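Peer 1: Got a predicted structure here, sequence first:
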2 protein chains.
Amino acid sequence: MKPLSTEKERRILQVARDVFLEKGKQGARMQEIAQRAGVNKAMLHYYFRSKEQLYAKVLEAEVTQFVRHLLDAVPEEGDFFQFLEVFVKSYIQKVAASPQLVRFILWEVRDNVQVLGRVLQHIFQGEPVKNSPFFIRIQTAIAAGEIRPVEPLHLFLNVLSMCVYPFLMAPLLETVIPGLDVQASQFIHQREQEILQLIEKGLRPENQRETGE
Amino acid sequence: MKPLSTEKERRILQVARDVFLEKGKQGARMQEIAQRAGVNKAMLHYYFRSKEQLYAKVLEAEVTQFVRHLLDAVPEEGDFFQFLEVFVKSYIQKVAASPQLVRFILWEVRDNVQVLGRVLQHIFQGEPVKNSPFFIRIQTAIAAGEIRPVEPLHLFLNVLSMCVYPFLMAPLLETVIPGLDVQASQFIHQREQEILQLIEKGLRPENQRETGE
DNA sequence: GTCTATAAGTCGATAGAC
DNA sequence: GTCTATCGACTTATAGAC
């Protein structure tokens, strides 16, 4: 469908992505992108016409990536707590490896909500998000008595928050707690365990009396 | 100590705060700050010399605010779960009311870690953060058997994450889930309840066998 | 396709009158 | 203290030679 991008075009996009994620739309400089990509500044405009359009390409790709990271972390098999373990570990893996993506999305998407709309439309094809695997799994688990009744949206938010936020605040955390390194596998492993334990114990079904019919 | 700021100076600072929080350091325009404050652009430089210094003043004030929000949400009295309830409710209250502050801090502090360092030094006077009220409360609660043993840092992160992150992603959430309004008191109340329930059940001490010595 | 040179516009900052 | 006018630096974008 698309004419294949040239090697040079891909290199520019790759570098543009790095620069935009670091500096944001306003802070990024076409000059810097050109230099780091090893091409002339005029080439950027030859391939992408304007900063606006280059940014648009990067933003859309990264929003897609952001959503995919989430979906790719949702396993297809296993009971609820296996599902949870796989999800937490895969998602933390991704967020810890490149927290810049989350930082960038949270900062930039606010002024570009339409992009998110388009990407979601493309990925979910109009299917409501409440019917996506993550929510289905929660509802099924509740119905089966695997976990106590909770509001699926809030459980989703709780898991997500605990996986992401600490890595978002990494620069602050590491200033406050001198010895800390959030990228270290020791810290990452501790987080996985603490999150999973909190959720597992926190969702344990109430001492089962007979469930009403 | 400080000569009292004039009315006009305060108005400029107030507007500058709004603009910087909305657009970031790079995106903010002195022109816009001047207009919205109802003064001439030259006045900005008369009072604050440069954009750099105006920004520095705003950033330091907001970082301080960010830390204070946290500390002010920590109550002095009550048992552990009362403490938790007060904290979650007060902190969510603040974050929900102005998520821009968190967004701004997470985006900007990365390139200005020194500011955070200075603010913390000023607030904590060199006292390690691990000795701050929040951590003490957790340690005390564990020692007293009120809650099961957990890593204090991670419990702190878990609570914080669940209180903040959903409001950070509000623009995304509200796109994904059409009917949602995260500022609505209904949503806020639901979050408080879901967080508190998860934590309370998740931290319940194990069926006490004799604790080893 | 690639480069140099430069146009066109924006923004922070200041000079200087009042 | 306040305003207008403008400078000078920087940034995106393009014209035009090769």
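Peer 2: Ah, there it is.

Peer 1: how about the residues of chain A near DNA strand C?
Peer 2: A:Thr6, A:Lys8, A:Val39, A:Asn40, A:Lys41, A:Ala42, A:Met43, A:Tyr46 (CB under 7 Å from any atom of the strand). The C-beta positions use only the backbone N, C-alpha and C, and glycine is treated the same way.

Peer 1: could you flag which of the residues you listed are buried?
Peer 2: Burial by neighbour count, judged by 16 or more other CB atoms under 10 Å in any protein chain shown, picks out A:Val39 from the residues of chain A next to DNA strand C.

Peer 1: so which of the residues of chain A next to DNA strand C comes closest to chain B?
Peer 2: A:Lys41 (19.3 Å; CB to the nearest CB).

Peer 1: So that closest one is in contact with A:Met30, correct?
Peer 2: Yes. The pair A:Lys41 and A:Met30 passes the contact test of CB atoms under 8 Å, sitting 5.9 Å apart.

Peer 1: ok, now which ones touch the residue sitting nearest the centre point of chain A?
Peer 2: Nearest to the mean C-alpha position of chain A, by CA atoms, centre = their mean, lies A:Phe66 at 4.1 Å. Applying CB atoms under 8 Å, 6 or more residues apart in numbering or on different chains to A:Phe66 gives the contacts A:Leu101, A:Val102, A:Ile105.

Peer 1: mind putting the residues you listed in JSON lines, neighbour count and pLDDT included?
Peer 2: Shown next, in JSON lines, are these (neighbours: other CB atoms under 10 Å in any protein chain shown; pLDDT from 0 to 100):
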{"residue": "A:Leu101", "neighbour count": "18", "pLDDT": "98"}
{"residue": "A:Val102", "neighbour count": "21", "pLDDT": "98"}
{"residue": "A:Ile105", "neighbour count": "22", "pLDDT": "98"}
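
Peer 1: What does the pLDDT read for whichever residue of chain A sits closest to chain B?
Peer 2: Residue nearest to chain B within chain A (CB to the nearest CB): A:Gly202, separated by 3.1 Å. pLDDT for A:Gly202: 98.

Peer 1: repeat for A:Ala141
Peer 2: 96.

Peer 1: could you redo the residues of chain A next to DNA strand C as CSV and give each row secondary structure and pLDDT?
Peer 2: As requested, the residues of chain A next to DNA strand C are exported to CSV (DSSP: H, G, I helix; E, B strand; the rest coil; pLDDT from 0 to 100):
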residue, secondary structure, pLDDT
A:Thr6, coil, 86
A:Lys8, helix, 93
A:Val39, coil, 97
A:Asn40, coil, 97
A:Lys41, helix, 98
A:Ala42, helix, 98
A:Met43, helix, 97
A:Tyr46, helix, 97
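
Peer 1: Next, format the residues of chain A next to DNA strand C as a markdown table and append distance to DNA strand D.
Peer 2: Shown next, in a markdown table, are the residues of chain A next to DNA strand C (distance: CB to the nearest atom of the strand, whole Å):
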| residue | distance to DNA strand D |
| --- | --- |
| A:Thr6 | 18 |
| A:Lys8 | 16 |
| A:Val39 | 12 |
| A:Asn40 | 8 |
| A:Lys41 | 6 |
| A:Ala42 | 4 |
| A:Met43 | 9 |
| A:Tyr46 | 7 |
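
Peer 1: Can you list phi and psi of A:Asp111 for me?
Peer 2: Dihedral pair for A:Asp111: phi -90, psi 0, per degrees, to the nearest 10.

Peer 1: What parts of chain A come near DNA strand D?
Peer 2: Residues of chain A lying near DNA strand D by CB under 7 Å from any atom of the strand: A:Ala28, A:Arg29, A:Met30, A:Gln31, A:Lys41, A:Ala42, A:His45, A:Arg49, A:Ser50, A:Lys51, A:Glu52.

Peer 1: so how far is A:Ile147 from A:Thr140?
Peer 2: 10 Å (CB to CB, to the nearest Å).

Peer 1: Name the residue in the two with the higher neighbour count.
Peer 2: Neighbours per residue (other CB atoms under 10 Å in any protein chain shown) separate A:Thr140 from A:Ile147, with A:Ile147 holding more: 21 against 14.

Peer 1: Would you check that the more buried one makes contact with A:Lys201?
Peer 2: No. In this structure A:Ile147 lies outside contact range of A:Lys201 using CB under 8 Å: 10.9 Å.

Peer 1: ok, which stretches of chain A are helices?
Peer 2: Under the criterion DSSP state H, chain A contains helices at A:7-27, A:30-37, A:41-48, A:51-72, A:80-97, A:99-108, A:113-124, A:133-143, A:152-168, A:170-176, A:185-203.

Peer 1: Distance to B:Leu21 for these - can I get that in JSON lines?
Peer 2: Converted to JSON lines, the helices of chain A look like this (distance: least, CB to CB, whole Å):
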{"stretch": "helix A:7-27", "distance to B:Leu21": "14"}
{"stretch": "helix A:30-37", "distance to B:Leu21": "26"}
{"stretch": "helix A:41-48", "distance to B:Leu21": "31"}
{"stretch": "helix A:51-72", "distance to B:Leu21": "21"}
{"stretch": "helix A:80-97", "distance to B:Leu21": "25"}
{"stretch": "helix A:99-108", "distance to B:Leu21": "12"}
{"stretch": "helix A:113-124", "distance to B:Leu21": "18"}
{"stretch": "helix A:133-143", "distance to B:Leu21": "32"}
{"stretch": "helix A:152-168", "distance to B:Leu21": "17"}
{"stretch": "helix A:170-176", "distance to B:Leu21": "17"}
{"stretch": "helix A:185-203", "distance to B:Leu21": "29"}
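
Peer 1: and those helices, which is most packed in?
Peer 2: Each of the helices of chain A was scored by mean neighbour count; the highest is helix A:152-168, a mean of 23, by mean count of other CB atoms under 10 Å in any protein chain shown.

Peer 1: Can you show me the CA trace of it as PDB?
Peer 2: Extracted in PDB, the C-alpha atoms of helix A:152-168 (Å, rounded to 0.1, in the frame of the first residue of the first chain):
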ATOM      1  CA  PRO A 152     -13.700  -3.300  36.400                       C
ATOM      2  CA  LEU A 153     -12.700   0.200  35.400                       C
ATOM      3  CA  HIS A 154     -11.200   1.000  38.700                       C
ATOM      4  CA  LEU A 155      -9.400  -2.300  39.000                       C
ATOM      5  CA  PHE A 156      -8.000  -1.700  35.500                       C
ATOM      6  CA  LEU A 157      -6.900   1.800  36.600                       C
ATOM      7  CA  ASN A 158      -5.400   0.500  39.800                       C
ATOM      8  CA  VAL A 159      -3.200  -2.100  38.100                       C
ATOM      9  CA  LEU A 160      -2.200   0.300  35.400                       C
ATOM     10  CA  SER A 161      -1.300   3.100  37.800                       C
ATOM     11  CA  MET A 162       0.900   0.900  40.000                       C
ATOM     12  CA  CYS A 163       2.700  -0.400  37.000                       C
ATOM     13  CA  VAL A 164       3.400   3.000  35.400                       C
ATOM     14  CA  TYR A 165       3.500   5.900  37.800                       C
ATOM     15  CA  PRO A 166       6.600   5.000  39.800                       C
ATOM     16  CA  PHE A 167       8.600   4.900  36.600                       C
ATOM     17  CA  LEU A 168       7.100   8.200  35.500                       C
END
